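Asks: Turn this into a structure:
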Amino acid sequence: MPNLDPEISFPKTAVVFRSNIRKDLTEIFSDPDMMCHLDTVVLNEREEPEKGKGKGVLLDVLTELWQELCLGYAVGTSEKIPYIRHGLQQTQWESIARIIVYGYKHVNTSHCAYPNSS
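Replies: Have a look, this model is predicted:
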């Protein structure tokens, strides 16, 4: 089982393009053991690093990914349910599941995804 404790695991720098967050994150999380602490760097359209460091950058990236998934890969009005479409294969959905678990464990985004959880 991968180490989920961010205090023990070694940090990894994750470089993602602002215009390509979903694809970049699914590639990073394609490794089943990818649960270490991420230092996220976002590159703008000119391939320059955006300002910002720490947890806030990761929250921004996860929020943008979540919005893209809700708009393009889920159905429903009050509750969003992912639906399988030709654009994503099993390996990409597994990566997305790892990203959701990562966000829940490391960033505690549960208040966003699950408003009634404590």
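Asks: Please determine how far Leu88 is located from Phe17.
Replies: Per C-beta to C-beta, to the nearest Å, Leu88 is found 18 Å from Phe17. Placement of C-beta: from N, CA and C, glycine included.
Asks: And Lys80, by the same measure?
Replies: Using C-beta to C-beta, Lys80 is found at 25 Å from Phe17.
Asks: swap in Thr91?
Replies: Counting by C-beta to C-beta, the gap from Thr91 to Phe17 is 20 Å.
Asks: quick one, which of those two is more surrounded?
Replies: Using other C-beta atoms under 10 Å, the more surrounded residue of Thr91 and Phe17 is Phe17, with 13 against 10.
Asks: Can you name every helix or strand that the lengthiest helix in the chain contacts?
Replies: The longest helix of the chain (DSSP state H) is helix 55-72. Using 3 or more C-beta pairs under 8 Å, 6 or more residues apart in numbering; DSSP states H and E as the contact test, the elements touching helix 55-72 are helix 21-28, strand 38-43, helix 90-102, helix 110-113.
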